[in-house]
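Colleague: The sequence and its predicted three-dimensional model are supplied below.
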Amino acid sequence: MTLRFSVLASGSTGNAFYIESDEQKLLVDAGLSGKQMDRLFDEVAVDPASLDGILVTHEHSDHIKGLGIIARKYNLPIYANEKTWKAMENSIGTISPDQKFDFGMETVNTFGDIEVESFGVSHDAAEPMFFTFRNDGKKVALVTDLGYVSERIKRTVEDADVYIFEANHDIGMLRMGRYPWNVKRRILSDSGHVSNEDCGLALSDLITNRTNRVYLAHLSQDNNMKELARMSVDNILKERGMTLDIQDTDPKIPTRLYEVG
């Protein structure tokens, strides 16, 4: 038994994460059009009709744009918490009642041989939450769309084999950039997004000897660059005597299916 996953898309234009075991295939978010979602699955050689369900983190459009389309097309169950269901119901079209399931915040649900734990994050949505995935002693943590990394979150996601972790912006680029001040203030706030520096500092508290890889996720196209994010995080970790395999993600190109070993 093992876990395999691909960050299908990550960024301000759309987000989708796929994870599978020997028994289960799960999608987290569908923030691109139905056509683009089909293309992403084709690139990692996964048939979306074989999915066992879709987990939803929150109702922002870059996480649910294609949700209703793909759920109806392949008759897939959707799992979200009550406040997220209410917040997104006008955006995803009609969903059959037998496809709607509740996944409460701060709970653990078992999907076949994958144990999924939800945890709340500080973000400007109705009730945003993200997930850890466990199978056969392996743990993968998906942590994006949060203004800061609380001690409670750290306790939930610590000691994972792999992290998909937000490195949204370089603070200098954001402050000097073209965004209006109210948008900059939102991004920098406790309900906004994690910077490269805060990503590196959080990871330095979380990683252990079992952690072998991190994917830097949800990079801003205007206020960050892959090379800058990677260098910033790597420098902070090295200052603390840590080295880690740091991988990029992309808003349009899925990462190769990676087996957690």
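Modeller: Perfect, thanks for sending it.

Colleague: switch to C-alpha atoms for all contacts and neighbour counts from now on
Modeller: Noted.

Colleague: What about the nearest residue to Ser118 once chain neighbours are set aside, how many residues nearby?
Modeller: Leaving aside its chain neighbours, Ser118 sits nearest to Phe131 (4.5 Å; criterion: C-alpha to C-alpha, 6 or more residues apart in numbering). Here the count is done by other C-alpha atoms under 10 Å, and Phe131 has 25 residues near it.

Colleague: before we move on, what about Met231?
Modeller: Neighbours of Met231 using other C-alpha under 10 Å come to 15.

Colleague: Name the SS class of it, please.
Modeller: Of the three states, Met231 takes helix according to DSSP: H, G, I helix; E, B strand; the rest coil.

Colleague: Where do the helices of this structure begin and end?
Modeller: 34-43, 61-64, 67-74, 82-88, 151-157, 171-176, 181-188, 196-206, 226-239 (DSSP state H).

Colleague: Make JSON lines out of those helices and add distance to Ala125 and mean pLDDT.
Modeller: Written out in JSON lines, the entries for the helices of the chain read as follows (distance: least, C-alpha to C-alpha, whole Å; pLDDT from 0 to 100):
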{"stretch": "helix 34-43", "distance to Ala125": "23", "mean pLDDT": "98"}
{"stretch": "helix 61-64", "distance to Ala125": "11", "mean pLDDT": "98"}
{"stretch": "helix 67-74", "distance to Ala125": "17", "mean pLDDT": "98"}
{"stretch": "helix 82-88", "distance to Ala125": "8", "mean pLDDT": "98"}
{"stretch": "helix 151-157", "distance to Ala125": "17", "mean pLDDT": "97"}
{"stretch": "helix 171-176", "distance to Ala125": "21", "mean pLDDT": "92"}
{"stretch": "helix 181-188", "distance to Ala125": "12", "mean pLDDT": "92"}
{"stretch": "helix 196-206", "distance to Ala125": "21", "mean pLDDT": "97"}
{"stretch": "helix 226-239", "distance to Ala125": "25", "mean pLDDT": "98"}
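
Colleague: Mind putting those helices into TSV with distance to Val7?
Modeller: Output for the helices of the chain, formatted as TSV (distance: least, C-alpha to C-alpha, whole Å):
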stretch	distance to Val7
helix 34-43	10
helix 61-64	13
helix 67-74	16
helix 82-88	22
helix 151-157	18
helix 171-176	24
helix 181-188	23
helix 196-206	18
helix 226-239	15
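
Colleague: For Gly120, which of these is the nearest?
Modeller: Gly120 sits nearest to helix 151-157 of all these, at 7.8 Å, using C-alpha to C-alpha.

Colleague: Point out the other helices and strands that the closest one packs with.
Modeller: Using 3 or more C-alpha pairs under 8 Å, 6 or more residues apart in numbering; DSSP states H and E as the contact criterion, the neighbours of helix 151-157 among helices and strands are strand 114-120, helix 196-206.

Colleague: Go ahead and name everything in contact with the first one.
Modeller: With C-alpha atoms under 8 Å, 6 or more residues apart in numbering as the contact definition, strand 114-120 has outside contacts at 21, 24, 104-110, 127-135, 153, 156.
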